[in-house]
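Student: This is a predicted model, with the sequence first.
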There are 2 protein chains.
Amino acid sequence: ELVDLTCQQLTATHNSVPANKKQLPLAGQTWLITAGPTREAIDPVRYISNHSSGKMGYAIASAAQSLGADVTIISGPVNLTTPAGCRKVAVTSALEMHQQALALAASADVFVACAAVADYRISEVASEKIKKSQDSMQLNLIKNPDIVADVAAMANKPFTVGFAAETQDVEQYARDKLTRKKLDMIAANNVATAGQGFNSDDNALTVFSATDKKVLPLMSKTALAKQLVEQIQLTLQKSRGQ
Amino acid sequence: ELVDLTCQQLTATHNSVPANKKQLPLAGQTWLITAGPTREAIDPVRYISNHSSGKMGYAIASAAQSLGADVTIISGPVNLTTPAGCRKVAVTSALEMHQQALALAASADVFVACAAVADYRISEVASEKIKKSQDSMQLNLIKNPDIVADVAAMANKPFTVGFAAETQDVEQYARDKLTRKKLDMIAANNVATAGQGFNSDDNALTVFSATDKKVLPLMSKTALAKQLVEQIQLTLQKSRGQ
């Protein structure tokens, strides 16, 4: 019955205003979603980044909002319009995203870590443009904090969903990440497969929780986001014994 | 008189079709313009890049095209529409941009190197995503070829215009670059000044040739591009003894 209700709501168009927002399946829930890449400054003109359009995170935000959730997106630099009814907190670096995520997660019911966060940042950012005087150079990188793991380690943590974008052994890495970071759910995709993932309009995901595995085949990121939000909602309810 | 004619044409709207394209000041000229950033792969998901929206290069392309030039843009990844009447050659890395620039410059009258090309690339690109197993890591970088210097060194080189985006000692670096790379002209700006340069809609430039210096104050990139194209045309004619 709940699945039917959720599916009905999922097929409702995003912009339609419900007769009673409180009747929507995610009414009363606060969702926090990270999206897009981060940029790690090398000097005032150069940076390290990741391939990420932000489309998947924004589509999840839009899907959750249309089902009645109160949604905040913590977003790295992207060229996307913020979905109607969602709040956006703009950040650039992984450290900024980490700070915002930890601050806002305390009052969130669900945290979806969809951003392609830079794992490393430059150990010493140059304040002036580095001149190309040498034929080679070395960049010394240090690890950024692990945003999704730090949120999952909070005393009063939200239901925490991670992403695993891999180019090999996808399921093995995803299951390892789920356990090691104490996530409630992880959505994995193989970014080496053409036509899906980074910068594409389509994507395919395999969603793992401690007990379940669900394959969401290749489809538009908009459609995929709706199915993922549904999976999150179902697993969240199961974990709450509802 | 030529200045008047050029100014008249410059004030004509971009989309107006001239009664006779051959009467336009840049008719018969082939312009080649590089624009946007390049991306240097670290692994399949990470890269090094530069802050560059591509707006300045695209505005120069549009201004030259509207004055009658045959225009090709060699463009790194940007979120911009190619100006009407211009050809676009899409590239990602500095090596790709270098290859295209050298191939196309042989038949160009004017080459404007507006792209924010990465000075260095990763010496060994990883074919799989690098796992963040270590607390720190080093990236070994090697120098990319110098596109504008290599074009300026061609036997039958086009009139070659470079850019100098600096954060300090702007005039000194720009004049040094002009001489050292044997450019015909260089357009310099201070990217440390707020409200101009990378990702901004406005910019200010100081244009140097061997004999002249011309300050183009802060204005929209569209207006600035028109004035820069005019400066290029005037200096080109002077150099040809016209």
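Tutor: Sure thing, it's come through.

Student: part of a helix, is A:N189?
Tutor: No: applying DSSP: H, G, I helix; E, B strand; the rest coil, one finds A:N189 to be strand, outside a helix.

Student: Wait, it touches A:D202, no?
Tutor: No: look at A:N189 against A:D202 with Cβ atoms under 8 Å: they stay out of range, at 10.7 Å. The C-beta positions use only the backbone N, C-alpha and C, and glycine is treated the same way.

Student: In space, what's closest to A:N79 - neighbours in sequence excluded?
Tutor: Spatially, and ignoring its direct neighbours in sequence, A:N79 is nearest to B:N79 (4.6 Å; Cβ to Cβ, 6 or more residues apart in numbering or on different chains).

Student: In a strand, that neighbour, correct?
Tutor: No: using three-state DSSP, the secondary structure at B:N79 is coil, not a strand.

Student: Check the burial of A:A113 by counting its neighbours.
Tutor: 28 (other Cβ atoms under 10 Å in any protein chain shown).

Student: Can you tell me, leaving aside adjacent residues, what's nearest to it?
Tutor: Nearest residue to A:A113 in three dimensions, chain neighbours excluded: A:V148, at 3.8 Å (Cβ to Cβ, 6+ apart).

Student: check contacts around the one you found.
Tutor: By Cβ atoms under 8 Å, 6 or more residues apart in numbering or on different chains, the contact list for A:V148 reads A:111, A:113, A:160, A:162, A:181, A:183.

Student: Taking the residues you listed together, which two end up most distant?
Tutor: Farthest pair in the contacts of A:V148 (Cβ to Cβ) is A:F111 and A:K181. Separation: 12.0 Å.

Student: Can you show me the helices along chain A?
Tutor: A:2-11, A:55-66, A:94-105, A:147-152, A:170-180, A:221-239 (DSSP state H).

Student: List the contacts of the longest one.
Tutor: Put plainly, it is helix A:221-239. So helix A:221-239 is contacted by A:2-3, A:6-7, A:10, A:25-26, A:55-56, A:59-60, A:62-64, A:67, A:109-110, A:112, A:159, A:161, A:184-185, A:187, A:200-205, A:207, A:209, A:212, A:214, A:216, A:219 (Cβ under 8 Å, 6+ apart).

Student: Give me the ChimeraX select line for those, limited to the buried ones.
Tutor: Restricted to buried positions by 16 or more other Cβ atoms under 10 Å in any protein chain shown, the ChimeraX selection for the contacts of helix A:221-239 reads:
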select /A:6,10,25,26,55,56,59,60,62,63,64,67,110,112,159,161,184,185,187,200,203,204,205,207,209,214,216,219
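
Student: Give me the neighbour count for A:K213.
Tutor: Neighbour tally, A:K213, other Cβ under 10 Å: 12.

Student: whoops, I mixed them up, A:A149
Tutor: 16.

Student: Quickly note the distance from the nearest residue to it once chain neighbours are set aside to B:L95.
Tutor: For A:A149, ignoring the flanking residues on the chain, the nearest one in space by Cβ to Cβ, 6+ apart is A:K181 at 4.1 Å. A:K181 sits at a distance of 37 Å from B:L95 (criterion: Cβ to Cβ, to the nearest Å).

Student: Up against chain B, what does chain A have?
Tutor: A:42, A:44-51, A:79, A:116, A:118-120, A:123, A:128-129, A:132, A:134-143, A:165-168, A:191-192, A:198 (Cβ under 8 Å from any Cβ of the partner chain).

Student: any weak-confidence spans in chain A?
Tutor: Scanning chain A for pLDDT under 70 picks out A:1-21, A:194-199, A:242.

Student: mind redoing it with 50?
Tutor: Within chain A, the ranges that satisfy pLDDT under 50 run A:1, A:6-8, A:10-17.

Student: Please determine how far the residue nearest the centre of it is located from B:D43.
Tutor: The centre of chain A sits closest to A:C114, judged by Cα atoms, centre = their mean, with a distance of 1.4 Å. Distance from A:C114 to B:D43, counting by Cβ to Cβ: 20 Å.

Student: what does A:K226 give?
Tutor: A:K226 is 31 Å from B:D43, by Cβ to Cβ.

Student: the more surrounded of those two?
Tutor: A:K226 (26 against 16).

Student: Help me confirm that the residue nearest to A:N79 comes into contact with A:L80.
Tutor: No: counting by Cβ under 8 Å, A:L80 is not a contact partner of B:N79; they are 10.1 Å apart.

Student: hang on, the earlier thing: so which of the helices of chain A is the most surrounded?
Tutor: Of all the helices of chain A, helix A:55-66 carries the top mean neighbour count, a mean of 27, counting by mean count of other Cβ atoms under 10 Å in any protein chain shown.

Student: Which neighbouring elements make contact with it?
Tutor: strand A:30-35, strand A:70-75, strand A:110-113, helix A:221-239 (3 or more Cβ pairs under 8 Å, 6 or more residues apart in numbering or on different chains; DSSP states H and E).

Student: Just checking the distance from it to the centre of its chain.
Tutor: Mean-position distance between helix A:55-66 and its chain equals 10 Å (Cα atoms, centre = their mean, to the nearest Å).

Student: farthest residue from the center of chain A?
Tutor: Distance-from-mean max, chain A, by Cα atoms, centre = their mean: A:S133 at 39.7 Å.

Student: Look up phi and psi at A:D146.
Tutor: phi -90, psi 100 (degrees, to the nearest 10).

Student: how many other residues sit next to it?
Tutor: Neighbour tally, A:D146, other Cβ under 10 Å: 19.

Student: got it, and A:T206?
Tutor: Residues near A:T206, counting by other Cβ under 10 Å: 18.

Student: Can you give me the separation between it and chain B?
Tutor: 17 Å (Cβ to the nearest Cβ, to the nearest Å).

Student: what is that residue paired to in the beta sheet?
Tutor: A:A188, A:V215 (DSSP bridges).

Student: Which residues are in contact with it?
Tutor: Contacts of A:T206 (Cβ under 8 Å, 6+ apart): A:170-171, A:174, A:187-189, A:213-216.

Student: hmm, back to that, pull out the buried residues from the contacts of A:V148.
Tutor: Buried, going by 16+ other Cβ under 10 Å: A:111, A:113, A:160, A:162, A:181, A:183, out of the contacts of A:V148.

Student: just these now: which is nearest A:A153?
Tutor: Using Cβ to Cβ, the buried ones among the contacts of A:V148 come closest to A:A153 at A:K181, 8.3 Å.

Student: Now do that closest one against B:L32, distance only.
Tutor: 50 Å.

Student: do A:R87 as well
Tutor: From A:R87 to B:L32 the distance is 45 Å (Cβ to Cβ).

Student: quick revisit: out of the helices of chain A, flag the one nearest B:R240.
Tutor: helix A:55-66 (49.7 Å).

Student: which residues sit against that closest one?
Tutor: Residues contacting helix A:55-66 (Cβ under 8 Å, 6+ apart): A:9-10, A:12, A:14, A:26, A:31, A:33-36, A:71, A:73, A:75, A:78, A:80, A:82-86, A:110, A:112, A:114-115, A:201, A:203, A:221-222, A:224-226, A:228-229.
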